[in-house]
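> build me a model from this:
(2 chains)
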2 protein chains.
Amino acid sequence: MKTLNIEKEIRKNKNKYVKTLKKFVQQPSISADGTGIEGMVKILTEEMNKIGISTRLLKSSTGGNPVILGTLNKNSGYNLLVYGHYDVHSVGDLNDWDYEPFSAEIIGNKIIGRGTADNKGNFLSWIKAVEILKDLGIDIPFNIIFFFEGEEEIGSPNLENIIRENEKYIPKLDAKIVFEPRQDSQGHPFINLGWKGMLSLKVIFKNKGGQIHASYGSIVSHPIFEMVKAINKIYDGNMILLPDFYNDIISVSGEEEKCIEKIGLCKKGIVKGLGGESIKQIDLSDKEIIKILLLEPSMTISAVSAGSVIPPVRSVVLGSASFLIEFRLVPNQNSKNIYQKLVKYLNELNLNCKVEVELLSNSEPTRTSVRDPFVEKIRKACNSTFNCECYVYPNLQGTSPDHLFKKLYQIPSLGCGCGFHHLCHRPNEYITVEQYMKGIELATKIILELSN
Amino acid sequence: MKTLNIEKEIRKNKNKYVKTLKKFVQQPSISADGTGIEGMVKILTEEMNKIGISTRLLKSSTGGNPVILGTLNKNSGYNLLVYGHYDVHSVGDLNDWDYEPFSAEIIGNKIIGRGTADNKGNFLSWIKAVEILKDLGIDIPFNIIFFFEGEEEIGSPNLENIIRENEKYIPKLDAKIVFEPRQDSQGHPFINLGWKGMLSLKVIFKNKGGQIHASYGSIVSHPIFEMVKAINKIYDGNMILLPDFYNDIISVSGEEEKCIEKIGLCKKGIVKGLGGESIKQIDLSDKEIIKILLLEPSMTISAVSAGSVIPPVRSVVLGSASFLIEFRLVPNQNSKNIYQKLVKYLNELNLNCKVEVELLSNSEPTRTSVRDPFVEKIRKACNSTFNCECYVYPNLQGTSPDHLFKKLYQIPSLGCGCGFHHLCHRPNEYITVEQYMKGIELATKIILELSN
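Just a heads-up that it's a prediction; the model follows:
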């Protein structure tokens, strides 16, 4: 009865809610270059204050964009942290967009723009959930701590310091929800119980004498070739070749195995989600692909650079070459441990040039048990909202600064939310009006579920 | 007696000659971006006309910088072509220079600046040689065709067309000299009887779906990895792995072998010349290193690019990656043949992405017989100028558009000149006043030698 009412009540306010989302998308907030961050902090705190959420900006001595910490100020003894981020990913090449990324144009049932789903449509779902419960006169009997950060899209470089320097403002937590796009490419909702860790590095190869004329190419060492050799020694196309890289990985439990089996996402669905991208090991089964994607560590070289490939050609053996590499880690791998392994390994390759490794960022993998009662409550809210059995991903393929909160308190932590997960960071990112409404409904139902 | 006079006469005019070189260096002429080209054409033609060399600008329907064709207008039946270039290499990173590259500052006995040795000090040597012989009332009984091009440093993209479209202005040639820095890092002069050919390509790797989030890294194909795999299949660090790549190479004659043996340049000298650069196969003998450098084909990747290595890191599997590759070929390899082999080979690798190969430039290797009487005359002039036995390199490690002239007439062709060869294209390029004076003396003695 109550459930039905909530859905209806939300839909009555559809136009108002969409209007807020449009306003938030039209305010850029790109953490990569700082565009619009200040304006976004202003309108978001105003929106929160308007419905009775008190806010405080948490800053770090190391600089960066503040965290907006909101609280309902309930002295209930139960504190749920809701994590979101008000910054958005860079828009990338404007030519890849069919619409201006910050116009928030509505085409059919899609609200199109950078940040519509990741993460504005999601954090607004929670604000609207609090708003509707207030409008309906329904009391929230526990405390919600809203933790909206402003540097998620650049790897949260200051978050550890912000948390450490502001610990006194964060009450003892009981559970944590990351609200982000959690619908697969078929639209099916899922909950994730863990995140991969991250080790992001820059590796630089330098020769002694700097750049020399290419005609000497046959007798001198080439940093580019040494780099290529190193990459081939790190990764064979399937396996990461660092000694003992896979040693600390914990095995998957029977229950987690069952969750994986229930995930209905197939290779075809993933390929569709990735825009027709080819999957490497097409001979593997759907389940095996899902297992690799969610539960195994991965490695990507996200950039490689030496000289310029834009003519005119400079006929030289370059003095240096570099690449960016990131490892995504699973429990119980440790980023610092892997970092040390890589540095040692590169040294032992005895390359014909100097090798420098620069640590760009790192975070640790986390995973909450599928048996945790908190997980059960969220599943219930999710199933009821979407009228189906939501999938449970023991781990997400992505990362989150979840370990920073887990370092404070050993609490259950999971991700759920609305919108297509695979559209994050892509051109023509969008959320449908229906997905956004479902997001608000889910947040509301989670509050009601935790109120019992 | 005559020889002695020439040297003395040149030295009398030292200040005047240095002044001209300073003026020419202070006039930038960067073909890579066009800076100062027009001004350089103007002062060079003026300088030539002043001493009785008639000039004509040869242009191509495909555009580019003109060739300045000069002639003494002698109807002798013997036509020597002297090749030089009035354009200079880009200055590169200004931070690497201790002096402003176009200030032509004189520090001690060095004239420092881009183009001092490569090629302004060299083509001016010939103009000054004609000038001094004129001043001394010595007649030049044969015709010299000055061929000064303006796009040497960008691979002479229009030269083939310029030559083809202006054939009527180029008389039937008997011999050709390329006048460029030809002193090794010990200062010892050398003559080269051939040049390597060149095949310069851009290779692009593209996946189907474009850029995707790095969290999918474990299951999708990565253009960067496919590129790295391809590079490893093309080159193993010593040998080029293209099937039949080495097949067409002609073996070295006994006389060429003897020339190689006489070359006094050692690994240590090469390392010094390269600014301390490490030589790969340090276990090889001096002679073996020289042989590899001069007589074997080589391969360099002069640039590689995918994404940006400058933070903030973008966590993506990139949709494309590319590199620039250049092969330097020796007789009788053929650039078009190698190009076809590479395209075929890359296709056969069955990489997990699309591969495109773009031809940027190509030229063919050339070599003049060490037994040619013309070679003997130049050796004599060179030995007399430098008071030592100059080395004879059967082939240079570098390239030159020599094959375009050889296509017209099968004539002997060689390179000689003044200044350190290893300083070409490098920051703080310089020529010593003494080297420049020797350049003028060498040009004068070549004229006198060919006059007999």
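> check contacts around A:N347.
A:V355 (CB atoms under 8 Å, 6 or more residues apart in numbering or on different chains). (C-beta placed from N, C-alpha, C; glycine too.)
> what helix or strand is it on?
Take DSSP states H and E as the rule and A:N347 turns out to sit in helix A:335-348.
> right, and the helix or strand after that helix?
Using DSSP H and E, the helix or strand that follows helix A:335-348 in sequence is strand A:354-363.
> that next one pairs with which strands?
Strand pairing for strand A:354-363, using DSSP bridges, gives strand A:197-206 (antiparallel).
> chain center to the partner strand, what's the gap?
Centroid separation between strand A:197-206 and its chain, computed with CA atoms, centre = their mean, to the nearest Å, is 20 Å.
> again with stretch A:56-72
The answer for stretch A:56-72 is 19 Å, by CA atoms, centre = their mean.
> can you tell if that stretch touches chain B?
No. Using CB under 8 Å from any CB of the partner chain, stretch A:56-72 stays clear of chain B, coming no nearer than 11.8 Å.
> what about that stretch, start to end distance?
12 Å (CA to CA, to the nearest Å).
> over to stretch A:297-316?
Using CA to CA, one end of stretch A:297-316 lies 37 Å from the other.
> mind listing what's buried in that stretch?
Across stretch A:297-316, burial judged by 16 or more other CB atoms under 10 Å in any protein chain shown covers A:297-307, A:309, A:311-316.
> now do stretch A:32-40
So stretch A:32-40, judged by 16+ other CB under 10 Å, has buried residues A:A32, A:T35, A:G36, A:I37, A:M40.
> which other residues reach it?
Applying CB under 8 Å, 6+ apart, the contact partners of stretch A:32-40 are A:24, A:27-31, A:65, A:86-87, A:89-90, A:150, A:153-154, B:312.
> before we move on, the earlier item: what mean pLDDT does the helix holding A:N347 get?
Mean per-residue pLDDT for helix A:335-348: 97.
> keeping just the C-alphas, turn it into CSV.
Output of helix A:335-348 as CSV, limited to C-alpha atoms (Å, rounded to 0.1, in the frame of the first residue of the first chain):
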residue,chain,number,x,y,z
SER,A,335,48.4,-1.6,-4.3
LYS,A,336,51.7,-0.7,-2.6
ASN,A,337,52.8,-4.3,-2.7
ILE,A,338,52.1,-4.5,-6.5
TYR,A,339,53.9,-1.1,-7.0
GLN,A,340,57.0,-2.5,-5.3
LYS,A,341,56.8,-5.6,-7.4
LEU,A,342,56.6,-3.7,-10.6
VAL,A,343,59.6,-1.4,-9.7
LYS,A,344,61.7,-4.4,-8.8
TYR,A,345,60.6,-6.3,-12.0
LEU,A,346,61.4,-3.4,-14.3
ASN,A,347,64.9,-3.1,-12.7
GLU,A,348,65.5,-6.8,-13.2
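> what's the closest of the contacts of stretch A:32-40 to B:C259?
Comparing those against B:C259 with CB to CB picks out B:P312 as the nearest, at 55.9 Å.
> confirm the closest one sits in a strand?
No. Going by DSSP: H, G, I helix; E, B strand; the rest coil, the assignment for B:P312 is coil, not a strand.
> what about chain A, any weak spots by pLDDT?
Within chain A, the ranges that satisfy pLDDT under 70 run A:1-4, A:275-278, A:281-282.
> what is the longest helix of it by residue count?
Counting by DSSP state H, the longest helix found in chain A is helix A:433-451.
> which secondary structure elements does that one contact?
helix A:2-12, helix A:14-26, strand A:110-112, helix A:121-135, strand A:175-179, helix A:373-386 (3 or more CB pairs under 8 Å, 6 or more residues apart in numbering or on different chains; DSSP states H and E).
> closest to A:N13 out of the contacts of stretch A:32-40?
Distance to A:N13 across the contacts of stretch A:32-40 (CB to CB) is lowest for A:F24, with 15.8 Å.
> and for that closest one, the neighbour number?
Counted with other CB atoms under 10 Å in any protein chain shown, residues neighbouring A:F24 total 23.
> pretty sure it is touching A:L44, no?
Yes. Look at A:F24 against A:L44 with CB atoms under 8 Å: they come within range, at 7.5 Å.
> how is chain A divided into domains?
For chain A, automatic domain parsing gives the domain ranges A:2-193+A:368-451, A:197-249+A:297-363.
> mind listing what the nearest residue to A:E441 once chain neighbours are set aside touches?
Nearest residue to A:E441 in three dimensions, chain neighbours excluded: A:T385, at 4.9 Å (CB to CB, 6 or more residues apart in numbering or on different chains). Applying CB under 8 Å, 6+ apart to A:T385 gives the contacts A:P189, A:K438, A:E441, A:L442, A:K445.
> just to revisit the earlier point, mind putting the buried residues of stretch A:32-40 in CSV, distance to B:G121 and secondary structure included?
Below are those laid out as CSV (distance: CB to CB, whole Å; DSSP: H, G, I helix; E, B strand; the rest coil):
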residue, distance to B:G121, secondary structure
A:A32, 49, coil
A:T35, 52, coil
A:G36, 56, coil
A:I37, 56, helix
A:M40, 61, helix
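> nearest to A:V357 among the residues you listed?
A:A32 (23.5 Å).
> now the contacts of A:T385 in a markdown table, with distance to B:K268?
Output for the contacts of A:T385, formatted as a markdown table (distance: CB to CB, whole Å):
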| residue | distance to B:K268 |
| --- | --- |
| A:P189 | 70 |
| A:K438 | 74 |
| A:E441 | 78 |
| A:L442 | 73 |
| A:K445 | 78 |
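> whichever residue of the stretch 51-200 of chain A sits closest to chain B: what's it in contact with?
Using CB to the nearest CB, the single residue of the stretch 51-200 of chain A nearest to chain B is A:I154, 4.5 Å away. By CB under 8 Å, 6+ apart, the contact list for A:I154 reads A:S31, A:A32, A:D87, B:P312, B:V313.
> so can I have JSON lines of those showing distance to A:K128?
Formatted as JSON lines, those follow (distance: CB to CB, whole Å):
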{"residue": "A:S31", "distance to A:K128": "24"}
{"residue": "A:A32", "distance to A:K128": "28"}
{"residue": "A:D87", "distance to A:K128": "20"}
{"residue": "B:P312", "distance to A:K128": "31"}
{"residue": "B:V313", "distance to A:K128": "33"}
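> report the two of these separated the most.
Using CB to CB, the contacts of A:I154 span at most 14.7 Å, a distance reached by A:D87 and B:V313.
> circling back: what subset of the buried residues of stretch A:297-316 is also close to chain B?
Filtering these for proximity to chain B (criterion: CB under 8 Å from any CB) leaves A:297-307, A:309, A:311-316.
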